[in-house]
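**Q** based on what follows, work out the 3D shape:
(chains A and B)
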Number of protein chains: 2
Amino acid sequence: MRLSHGFVPTLKETPSEAQIASHRLMLRAGLVRQTSAGIYAWLPLGLRVLRNIERIVREEQDIAGAQEILMPTIQPAELWRESGRYDDYGKEMLRIRDRHDRDMLYGPTNEEMVTDLFRQAVKSYRELPQILYHIQWKFRDEVRPRFGVMRGREFLMKDGYSFDLDQAGAVLSYRKMMLAYMRTFQRMGLKAIPMEADTGPIGGDLSHEFIILAPTGESQVYFDAAFEEMDYLSGAGGSSHEKPEDLDRFFKQMTTHYAATDEKHDAARWEQVAPTRRREGRGIEVGHIFYFGTRYTKAMNTTVTGPDGKLVHPEMGSYGIGVSRLVGAVIEAGHDDAGIIWPDSIAPYKAAIINLKIGDATCDGLCETLYAALNGNAVYDDRSDRAGAKFADADLMGHPWQVIVGPRGAAAGKVELKRRATGERSEVTPEEALARIG
Amino acid sequence: MRLSHGFVPTLKETPSEAQIASHRLMLRAGLVRQTSAGIYAWLPLGLRVLRNIERIVREEQDIAGAQEILMPTIQPAELWRESGRYDDYGKEMLRIRDRHDRDMLYGPTNEEMVTDLFRQAVKSYRELPQILYHIQWKFRDEVRPRFGVMRGREFLMKDGYSFDLDQAGAVLSYRKMMLAYMRTFQRMGLKAIPMEADTGPIGGDLSHEFIILAPTGESQVYFDAAFEEMDYLSGAGGSSHEKPEDLDRFFKQMTTHYAATDEKHDAARWEQVAPTRRREGRGIEVGHIFYFGTRYTKAMNTTVTGPDGKLVHPEMGSYGIGVSRLVGAVIEAGHDDAGIIWPDSIAPYKAAIINLKIGDATCDGLCETLYAALNGNAVYDDRSDRAGAKFADADLMGHPWQVIVGPRGAAAGKVELKRRATGERSEVTPEEALARIG
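**A** As a prediction, the model looks like this:
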C-alpha cells in the first residue's frame, strides 16, 4: 500500500472518547472508525489484522477437526422460543420485526440454530462426533458500549459447537477445543491461560475462560509459573488432537496448576503454590468454552440413533473466541508510548518503507525496488511529509520492520533497518533488509 | 473432507419449495439450508464455493487498485436521513430500534456510510482517486423471497465506491471497475456481457448491469457475437487498468457492440447486426455499476480541496457484485440432470475420491494415499454406501474430477479418472490421476 493514496487516516490528537490504549491506538493509527455507539467500520489496516486473526483461528479449528459453516446474522425468534431463551435474554438481544411482522433477532450466539441444522442433517451415532463452527458478526445491544472493539455491539466471533454421543466423547471434544485455543493464542504471540469459569447463561457443567496477559488488562490474575513455560505448538507437551491420552495429559496440565482471576481467587490454594512460582498480572478474556450436555438437544427434541438402535440426545459443548475483540487485546498486550507493536503473525504488513526524500531519484528507485520485492507485504510511505512525521506514523502503525531510505545511505547502497519491537537499528544492504524481513 | 463425517446432508428427493435448478441443487447437494424465508445457512461445501467466489472478486478489486474495508451491517438511520433516502427506501429496508430507541437499519447498500467515512478522512484532491470496497452481508426485506440464494433477504454483496475529483476521473474509475468485473466473471468460467441499464434508486447518469449467460436465466438477451470472442485476462484486448487509452479502447469495445435484455431490446439496432453475428440466450444479472456524480457528496456536504484551493464535491460511482447470488448463477450456467458442474476455479474441492470397497486393504490404502496427496483439496467418499449412491452423490456435488478406486483396478495399480464436465473417463495410474487433477 502506498500511503499517499492509502485509506489510512491517522490522527495526531488522542480522541477524547477513548479511555484505553487499544481504543486510542486503533483510532489514531486509522484501523477503525466508529459509525454508531459500539459499532465500527474496519479500514484497510485494521481489516488486514482482523483477517489475519481470523485465518489463524480458522486454521487451528480445521486442524482440530472442526468443520466451518456460516450461519446468517438474522435468526427467527421461534428457535429461541423452542429452547426457552427468547425471554431470558433480555435487552441485550437486538429484536427485529420484519415486513410480515415476524419476530426475528440479530444472533448474539448460535446454540439454537446450530442444533436445528444438526437435527435436520445427522441421524446416526456413526456420523458423530461433529464439531461445527462459524466466524460471523454478532450483535449484543450493550447498554454502555465502550473500550472500542473490546466491548462493541456488533462484533466478530468464532463460535463452535460439538455434538457427541456421550459424555466421554463430549469431554474429548472439549479438550480438543481447549488445545486448539491455546495453539491459536500462542500463534498470535499471546500468553493465554485457561481459568475455570461460571457457566453463566448458556448453562452447563464445565467451563473455562481464556485470559491473555496484558499490563492494561481488565482483571487481576494469579497463576503458576508453569503456564509461562508451556508450548502448545511444538510436538512436546501433548499438542496432538488425535490421541485421547495426549489430550488427557494436556488437560491435566491446564487444570492442575493454579490459575484464577480475582473473582475466583482462592487464597488457601494460592498459598500452596511455591512462592518463587507465583505470578500475578492483569488479564483480558478472549475466549470461553462450555460443556453443557443435553441442555439444547433435549429442549429442541434432537436425537440420533445410538449403537443399540435407541434414540439418544447428543451431548453438546460450545466454544467462543472474540475475533474482533482480539485485535484490541493484542494491542493491549503489545504497545508502547509511540504506538502499536504487532506480532509478526498478525501485523497488517510486514514492513513500512520510509522514503526520506521523495523526488530523489536514488531514494525513489530504491524504495520502488524494495516495495516491489516485498510483493504486497509492505506499506510504502511515499507522502511528501517531514521525516519526523513519517517516523511517528510508522511507530504508531506498528509494522514489525521499518526500512528507512535516505539519500546518503541510498547513494552508498545502504538502508536503515529498524525492528519496531526492540527499537534495534542497523545499516544494511537492501538485500540483507529483505532477507531479514523474510 | 471425509464424507463419513462431513457435514454434507445430501437429499435424494427434490425439495418441493425449490422452483429453479440452482435452488434444487444447492439443497440436494447439501450446500445450504434455509433458516427463515430467504435466509440461508451455508454448510461446508457451499461455504467453500462462496469463499472461492469472494476470493476472485477480492483479487480483481485489488488488481484494479480498490482498497478493501469492512463496514458494519447495522447502520444509523441519521445517515440515511441526511441523504434523503431513509423514507424513499420503503419496506425493503429492515428497520430496527435499539434499546435506547435509536433508529437503526440493516444496511441494504452503503453509499451513505462510505461517504461519511470518506468525508472524515480525505481532505485534499491529492489523495484522489479513492476506490473503497467491502464484502459484507446485506439485508433486503423482499416481500416474496424465492429462488434460493438468487433472491434471498440476507445476502453477501461486494459493493465498491469511487471518489474522483472530476467527471473525467470518475469515468476512468467506472471503466476500471467494468474491466475488473469482466475479468472477475471470466475467472469464474462465466460468459458475462455488460448491458446499459436504468440508474434506478441510486440515481445518476450512467449505469451498466452485467448479465451472465445461462440456459435457465431470468431474462431473454440479445447480443453481438463479438462478446463471445473477447478475452479480458490475456494481455490483448485492453485488459490493463493502468493506461487510460487502454481503458478507453476496452470501454468502446464493451459499448459499441449490440447487447440488450428484452426490456431494452431495440429491433432497429438489432437489424443492423449482421445475421451471422446475432446471438440470443437467457441471462442472469450478477453485477451492476453506476456513475452518479455528486448526488451524495452534495447531500452529505462532502468536499476536498481542489488544486486551486477551492472546495470541490467529489464525483462518485458505485459498483456491486452479488457474491452469494453468483453461487446460484454459476449453477444455473453449469449443471445437468445429474447435478452441478463446477468450474475449476470455484469448485468446493478439486476432486472426489470414490472408494468402491471400504474395508479392502488395497482400496483403502490407495484412497488414503490419494487423499493425503490432494492435501485438503479432495472429498473422500469413505461411507459404506453402494457404489451407485456414491456415483450419484459425486455427480450431484459436481467436483471437477472423480477418482474411482475399485478392488480390481487398485490391485493392478490403476484408478478410473472421470471429468465431471464431459463425462470422459480413463484408466490411469494414481500418479497420472494426481498430475491431471493438478
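
**Q** how about the residues of the stretch 151-300 of chain A near chain B?
**A** Neighbours of chain B within the stretch 151-300 of chain A, by C-beta under 8 Å from any C-beta of the partner chain: A:153-154. Just so you know, the C-beta spots here come from the backbone N, C-alpha and C atoms, and that holds for glycine as well.

**Q** quick one: low-confidence parts of the stretch 151-300 of chain A?
**A** The model of the stretch 151-300 of chain A has pLDDT under 70 over residues A:199-204, A:235-241.

**Q** how about it: which residue is closest to chain B?
**A** In the stretch 151-300 of chain A, the residue that lies nearest chain B is residue A:154 (4.8 Å; C-beta to the nearest C-beta).

**Q** do the same with the stretch 301-438 of chain A
**A** Nearest residue of the stretch 301-438 of chain A to chain B: residue A:376, at 8.4 Å (C-beta to the nearest C-beta).

**Q** the residue of the stretch 151-300 of chain A closest to chain B: what's it in contact with?
**A** When contacts are counted by C-beta atoms under 8 Å, 6 or more residues apart in numbering or on different chains, residue A:154 touches A:38-40, A:137-139, B:72-74.

**Q** still on that earlier bit, number of residues surrounding the residue of the stretch 301-438 of chain A closest to chain B?
**A** Using other C-beta atoms under 10 Å in any protein chain shown, residue A:376 has 10 neighbouring residues.

**Q** could you do the one 5 residues further on as well?
**A** Burial of residue A:381, expressed as a neighbour count using other C-beta under 10 Å, amounts to 28.

**Q** doesn't residue A:353 make contact with it?
**A** Yes - between residue A:381 and residue A:353 there is a contact under C-beta atoms under 8 Å: 6.6 Å.

**Q** what's the angle from the helix or strand harbouring residue A:136 to strand B:130-139?
**A** For residue A:136, the element it lies in under DSSP states H and E is strand A:130-139. On the basis of axes from the mean of the first three to the mean of the last three C-alpha atoms, to 10 degrees, strand A:130-139 is oriented at 110 degrees to strand B:130-139.

**Q** restricting to C-alpha, output the next helix or strand after strand A:130-139 in CSV.
**A** Moving toward the C-terminus from strand A:130-139, the first helix or strand encountered (DSSP H and E) is strand A:154-164. Coordinates of each C-alpha in strand A:154-164 appear next as CSV, following Å, rounded to 0.1, in the frame of the first residue of the first chain:
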residue,chain,number,x,y,z
GLU,A,154,-21.5,-5.6,16.5
PHE,A,155,-18.6,-7.9,16.9
LEU,A,156,-16.9,-10.8,15.0
MET,A,157,-16.9,-14.0,16.9
LYS,A,158,-15.8,-17.6,16.1
ASP,A,159,-18.4,-19.8,17.8
GLY,A,160,-18.1,-23.6,17.5
TYR,A,161,-20.4,-26.3,18.7
SER,A,162,-19.7,-30.0,19.4
PHE,A,163,-22.1,-32.9,19.2
ASP,A,164,-21.1,-36.3,20.8
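
**Q** for strand A:154-164, the distance to its chain's centre please.
**A** The chain centroid and the centroid of strand A:154-164 are separated by 13 Å under C-alpha atoms, centre = their mean, to the nearest Å.

**Q** can you list the buried residues in the helix or strand following that strand?
**A** Of the helices and strands lying after strand A:154-164 in sequence (DSSP H and E), the nearest is helix A:167-187. Residues of helix A:167-187 classed as buried: A:169-187 (neighbour count, 16 or more other C-beta atoms under 10 Å in any protein chain shown).

**Q** what's stretch A:344-353 in contact with?
**A** A:1, A:44-46, A:48-49, A:52-53, A:56, A:187-189, A:330, A:342, A:367, A:370-371, A:374, A:377-381, A:394, A:397-403, A:405, A:437-438.

**Q** again but with stretch A:94-105, I slipped
**A** By C-beta under 8 Å, 6+ apart, the list of residues contacting stretch A:94-105 from outside reads A:74-78, A:80, A:93, A:106, A:108, A:139-141, B:36, B:74, B:91-92, B:94, B:96, B:98, B:106, B:141, B:143.

**Q** about what we covered before: and the contacts of stretch A:344-353, which are buried?
**A** Judged by 16+ other C-beta under 10 Å, buried ones among those: A:1, A:44-46, A:48-49, A:52-53, A:56, A:187-189, A:330, A:342, A:367, A:370-371, A:374, A:378-381, A:394, A:397-403, A:405, A:437.

**Q** distance of residue A:15 from chain B?
**A** Distance of residue A:15 to chain B, computed by C-beta to the nearest C-beta, to the nearest Å: 12 Å.

**Q** you'd agree residue A:187 is up against residue A:57?
**A** No - here residue A:187 does not reach residue A:57: they are 9.3 Å apart, not a contact under C-beta under 8 Å.

**Q** who touches the residue nearest to residue A:301 when sequence neighbours are not counted in this structure?
**A** Ranked by C-beta to C-beta, 6 or more residues apart in numbering or on different chains and with sequence neighbours excluded, the top spatial neighbour of residue A:301 is residue A:119, at 7.5 Å. Under the criterion of C-beta under 8 Å, 6+ apart, the neighbours of residue A:119 are A:297, A:300-303.

**Q** list the residues that contact the one residue in the stretch 101-250 of chain A that gets nearest to chain B.
**A** Distance from chain B to each residue of the stretch 101-250 of chain A (C-beta to the nearest C-beta) is smallest for residue A:121, at 3.6 Å. Residue A:121 sits next to B:7, B:9, B:30, B:33, B:43 when contact means C-beta under 8 Å, 6+ apart.

**Q** so which of these is the most crowded?
**A** residue B:43 (26 neighbours).

**Q** that one contacts residue B:31, doesn't it?
**A** Yes - with contact defined as C-beta under 8 Å, residue B:43 counts as touching residue B:31 (6.1 Å).
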